[in-house]
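Trainee: Fold the following.
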Amino acid sequence: MDEYPGAFDDRVRSPRQFAPLFFEKAAGAGGHAEDQLGQALGAHSANSTRTLYIHVPFCRSSCSFCGYFRKTWEDSRLLDAYVEAVKKQLRRLSNTPWARGGSIAAIHLGGGSPLSLGESQIARILAFVRGRFDLAADCEITVEARAGELDIETAAYLVSAGVNRLSVGVQSFDSGIRRSLGRVMDRIEVLATLRSLDWLRDVNVVVDMIYGLPGQSLDVWRSDIDDLNHSRALGASIYPLLPAPGCLSPAKESSAAGALALEEELTFFKAADELLSAKGQWGVLSPVQYSRDPRERAVYVSARG
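Mentor: Numbers count the residues shown, from 1 in each chain. Okay, here's the model as predicted:
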């Protein structure tokens, strides 16, 4: 590890070390949600970057690797009710000293899959935010999406609603790995979708990549990074797999549990870092975020550290 003094330790942690932070319930630890929110905002430095994260806990189908809270849905009334609940919470937040103390530098709609909501519902949420918060002139507005959810019409509607950054959950370009994760599109289709977004001149298209997936060899990972280089994406988030208990099938759970010891994580990390650096275009914005265009600043991710 001496070849990467501090960098690997700062950027990457083992799935076993991070998983409890993401997936263990905090019930009973701090009282009501409003109290916890107040405590968190009270500890927020007046000079630090203000960002908003809006969680959309719905998916049309569940991916085998994902442990974030999400729910498949069948009744559109549930989505409308959720949008109203989000607006209620945003209204409460907008009345806090934290919200009145400065402008919002970034808004991030994540999930789940935000495009489980209709485009008009996303537009309603963003319009509500604009009406209640002071947004920076260059506010980064991100919507996460699966490649299979993005077509020209959907992308155009999101742009008209003010979205200026699309984060596409690719995870792996490899068709076999994608099938094992429950993804519908194969490698060729994903690359074609990313190319089809080239016309979005004022929108940054970035991709999420994961290493340590069951069945993903180092050679497959190198091919993934090569495809990333050819995808024309302006930025990329590169994470190790963080499997939540029970989110993988028993066979995949067993494969992932011991698949990447720290030394192996370092090998995958170095492969991505070296291949991206070799292209001479990619710079590091945060522990997990790369960019090859000055327009891609990853404000939300970088603000979280």
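
Trainee: use CA for all of it now, contacts and neighbours both
Mentor: OK.

Trainee: Report all helices and strands that the longest strand along the chain contacts.
Mentor: Of all the segments of type strand in the chain, defined by DSSP state E, the longest one is strand 135-145. Applying 3 or more C-alpha pairs under 8 Å, 6 or more residues apart in numbering; DSSP states H and E, we find strand 135-145 packed against strand 104-111, strand 165-171.

Trainee: out of these, nearest to Ala233?
Mentor: strand 165-171 (9.5 Å; C-alpha to C-alpha).

Trainee: Any regions of this protein where pLDDT drops low?
Mentor: For the chain, the stretches with pLDDT under 70 are 1-47, 62-74, 243-260, 304-305.

Trainee: any chance you could map the helices in it?
Mentor: 7-11, 15-23, 33-42, 76-94, 97-100, 119-132, 152-160, 175-180, 187-196, 218-230, 250-257, 262-278, 299-303 (DSSP state H).

Trainee: Figure out which of the ones you listed is closest to Ser48.
Mentor: Here helix 299-303 is closest among these (C-alpha to C-alpha), at 8.1 Å.

Trainee: What lies in contact with the closest one?
Mentor: Helix 299-303 is contacted from outside by Thr49, Thr51, Ala105, Ala106, Ile107, His108, Glu140, Leu285, Ser286, Gln289, using C-alpha atoms under 8 Å, 6 or more residues apart in numbering.

Trainee: thinking again about what came up before, could you dump the helices of the chain into a markdown table and include mean neighbour count?
Mentor: As requested, the helices of the chain are exported to a markdown table (neighbours: other C-alpha atoms under 10 Å):
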| stretch | mean neighbour count |
| --- | --- |
| helix 7-11 | 14 |
| helix 15-23 | 15 |
| helix 33-42 | 13 |
| helix 76-94 | 15 |
| helix 97-100 | 16 |
| helix 119-132 | 16 |
| helix 152-160 | 15 |
| helix 175-180 | 16 |
| helix 187-196 | 16 |
| helix 218-230 | 17 |
| helix 250-257 | 15 |
| helix 262-278 | 16 |
| helix 299-303 | 17 |
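
Trainee: Include distance to Asp293 when you put the ones you listed into TSV, please.
Mentor: Below are the helices of the chain laid out as TSV (distance: least, C-alpha to C-alpha, whole Å):
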stretch	distance to Asp293
helix 7-11	21
helix 15-23	30
helix 33-42	32
helix 76-94	32
helix 97-100	30
helix 119-132	26
helix 152-160	20
helix 175-180	27
helix 187-196	16
helix 218-230	13
helix 250-257	34
helix 262-278	13
helix 299-303	14
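
Trainee: Of those helices, which is nearest Val168?
Mentor: Among the helices of the chain, the nearest to Val168 by C-alpha to C-alpha is helix 187-196 (8.6 Å).

Trainee: closest to Tyr239 among the contacts of helix 299-303?
Mentor: Among these, Gln289 lies closest to Tyr239 (C-alpha to C-alpha), at 8.9 Å.

Trainee: if I pick that closest one, what's in contact with it?
Mentor: Gly235, Ala236, Ser237, Ile238, Ala298, Val301, Ser302.

Trainee: ok, back up a step: so what strands line up beside the longest strand of the chain?
Mentor: strand 104-111 (parallel), strand 165-171 (parallel) (DSSP bridges).
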